[in-house]
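Participant: model this:
(2 chains)
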Amino acid sequence: MSKFTRKGKKGTPAVSTASLPDIIFMLLFFFMVVTVMREDDPKVIVIKPNATETEKLEKKSLVDYINVGTPSDTRFGTEPKIQLDDSFAEVADIQFWIKENRDKRDEAEKPLITTSLKVDSDVKMGVVTDIKQELRESQALKINYSVNKGSALDNN
Amino acid sequence: MARRPLQEINAGSMADIAFLLLIFFLVTTTMDQDIGILRQLPPPVPEDLITPPVKKRNVYEVLVNSRNQLLVENERMNIRDLKEGAKMFYTNPNKDPDLPILTRQTKGNLQESINLLQQAIAQDPSNKQLKSDLKKWQGKMSAVELIGEYDELPTSALISLQNDRGTKYAMYISVQNELSAAINELRNDLSEDKFGVAYSELNPAVSDDKPKILAIRAVYPQRISEAEPKDISGGS
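Facilitator: Numbering: from 1, shown residues only, chains lettered A, B, ... in the order given. Okay, the predicted model is just below:
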């Protein structure tokens, strides 16, 4: 017959998956770069207060976190507790903890270390004041009150 | 011996391996950016430190009690009014005698002070205090050159914040936030006025913006001081 007739029915050609690995790799690298390993699971419940005048914490690797709130496991009571890294701690442990964290860092990075306080809205200032005094004693003077974005007037 | 042609490695499973890794990183990633109010704590003070007396009008006293109530300059205040109050303290537009008296900084009087200091340094070149004073005055000079004459807050003027041990943390953050908001608004207004951009848009990493930031900070310094903790009412 004529040479223009189609030979049989041609289905849609299969999409080439040859570039799939490249796409996946691209995503992979993106996530590898932005990933900071989750360091500690929260052992205390922290509902952060709201504030508007916030700043971003730039270098995550230079931030140490102090969590304060009621324990999520009620066996530890309902009084607010301090969590450093992965365990509960007392106010008196903070100085040693700061020193340990400082020793882990390079000399050049030491002045840039920020201590971020993640404190529950309902915690009384007594605990926070004690923590701040300990931080002053150990010369960890850069601190950050961790908050959520929102109107501060709604806090109370 | 004839070499066998190299056998090609099957790359079909490459995608699977990459997927596996991808999913691992997806799960471990925390994207949440930590935001907060940055503050610099004062270094610990020696116990025998004698603080020079400060004029009462130069201190904006903010007290928060254990029932989360505000006492500002010895009067009850709603948190909603705190921002305006702090702005009044910083600018004192009505020349209120109970608020700090601002001094006009002009090129003339700054140059005078700088000249005096330079003479003093020429006589006593090893005095570090004089040199740091000179630097301060020169900083003010460059501020005046950039934004013109401005009214300067007395060096001892500050906002003093004191809270009770029983104050709720949320209330404390609200107060800190409102005080910061007052200063940031003043800075933003000044920056908009002089440079046409908000203060928050200025980037300290850009060499053009750096002097602008310093100038604005010279006009509206952030002076929020927290009193040494005292147990007022015995709450915990």
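Participant: what are the phi and psi values for the nearest residue to B:K131 once chain neighbours are set aside?
Facilitator: Spatial nearest neighbour of B:K131, excluding adjacent residues (CB to CB, 6 or more residues apart in numbering or on different chains): B:I121 at 6.4 Å. The C-beta positions use only the backbone N, C-alpha and C, and glycine is treated the same way. Dihedral pair for B:I121: phi -70, psi -40, per degrees, to the nearest 10.
Participant: which stretches in chain A count as helices?
Facilitator: Listed in chain order, the helices of chain A (DSSP state H) span A:20-34, A:94-104, A:125-137.
Participant: just name the most buried of the ones you listed.
Facilitator: helix A:125-137 (a mean of 19; mean count of other CB atoms under 10 Å in any protein chain shown).
Participant: model confidence for residue 3, exactly?
Facilitator: Looking at chain A here, since you left the chain open. Reading off the confidence values, A:K3 has pLDDT 61.
Participant: oops, wrong one, chain B.
Facilitator: At B:R3, pLDDT is 70.
Participant: quick one: contacts for B:Y169?
Facilitator: Counting by CB atoms under 8 Å, 6 or more residues apart in numbering or on different chains, B:Y169 touches A:P49, A:V119, A:D120, A:S121, A:D122, A:V123, A:K124, A:M125, A:V128.
Participant: switch to 10 Å and redo it
Facilitator: A:48-49, A:68-69, A:80, A:117, A:119-128, A:145, A:155, B:163 (CB atoms under 10 Å, 6 or more residues apart in numbering or on different chains).
Participant: low-confidence stretches in the chain?
Facilitator: All of this refers to chain A. For chain A, the stretches with pLDDT under 70 are A:1-10, A:36-40, A:156.
Participant: switch to chain B, that's the one I care about
Facilitator: Residues of chain B that meet the cut-off, pLDDT under 70, sit at B:1-2, B:30-32, B:230-236.
Participant: one more time with 50
Facilitator: The model of chain B has pLDDT under 50 over residues B:234-236.
Participant: surely B:D96 touches B:Y60?
Facilitator: No - using CB atoms under 10 Å as the test, B:D96 is too far from B:Y60 to be in contact (12.0 Å).
Participant: what about the strands in the chain?
Facilitator: Assuming you mean chain A. A:44-45, A:50-51, A:55-56, A:63-71, A:81-84, A:87-89, A:114-119, A:142-146, A:148-149 (DSSP state E).
Participant: if you could check chain B rather than the one you did, that'd help
Facilitator: Using DSSP E, strands in chain B cover B:35-40, B:59-64, B:70-72, B:75-77, B:103-105, B:150-152, B:158-163, B:224-226.
Participant: show me which positions of stretch B:200-218 end up buried.
Facilitator: Residues B:L202, B:D209, B:K212, B:I213, B:A215, B:I216, B:A218 are the ones in stretch B:200-218 that count as buried (16 or more other CB atoms under 10 Å in any protein chain shown).
Participant: ugh, typo on my part, it should be stretch B:106-118
Facilitator: Neighbour count says stretch B:106-118 has B:L110, B:S113, B:I114, B:L117 buried, by 16+ other CB under 10 Å.
Participant: about what we covered before: export the helices of chain A as JSON lines, with columns for distance to B:S132.
Facilitator: Shown next, in JSON lines, are these (distance: least, CB to CB, whole Å):
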{"stretch": "helix A:20-34", "distance to B:S132": "43"}
{"stretch": "helix A:94-104", "distance to B:S132": "28"}
{"stretch": "helix A:125-137", "distance to B:S132": "23"}
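Participant: mind checking which of the ones you listed is nearest B:F25?
Facilitator: Among the helices of chain A, helix A:20-34 comes nearest to B:F25, with 3.7 Å by CB to CB.
Participant: what packs against the closest one?
Facilitator: Counting by 3 or more CB pairs under 10 Å, 6 or more residues apart in numbering or on different chains; DSSP states H and E, the packing neighbours recorded for helix A:20-34 are helix B:14-28.
Participant: alpha carbons of the helix it packs on, in CSV - could you do that?
Facilitator: What follows is helix B:14-28, C-alpha atoms only, in CSV (Å, rounded to 0.1, in the frame of the first residue of the first chain):
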residue,chain,number,x,y,z
MET,B,14,20.8,4.4,41.1
ALA,B,15,17.4,6.2,41.4
ASP,B,16,16.3,3.8,44.2
ILE,B,17,19.5,4.4,46.2
ALA,B,18,19.1,8.2,45.7
PHE,B,19,15.4,7.9,46.7
LEU,B,20,16.4,6.1,49.9
LEU,B,21,18.9,8.8,50.8
LEU,B,22,16.4,11.5,49.8
ILE,B,23,13.7,10.1,52.1
PHE,B,24,16.2,9.9,55.0
PHE,B,25,17.1,13.5,54.7
LEU,B,26,13.5,14.5,54.2
VAL,B,27,12.6,12.9,57.5
THR,B,28,15.5,14.4,59.4
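Participant: could you tell me the angle between it and helix A:20-34?
Facilitator: Per axes from the mean of the first three to the mean of the last three CA atoms, to 10 degrees, the angle that helix B:14-28 makes with helix A:20-34 is 30 degrees.
Participant: B:V144: how many residues sit nearby?
Facilitator: Using other CB atoms under 10 Å in any protein chain shown, B:V144 is surrounded by 22 other residues.
Participant: can you check B:R80 too?
Facilitator: 9.
Participant: distance of the closest residue to it other than its chain neighbours from A:V147?
Facilitator: Distances taken as CB to CB, 6+ apart place A:L153 nearest to B:R80, at 6.2 Å, with adjacent residues excluded. As judged by CB to CB, to the nearest Å, A:L153 and A:V147 stand 13 Å apart.
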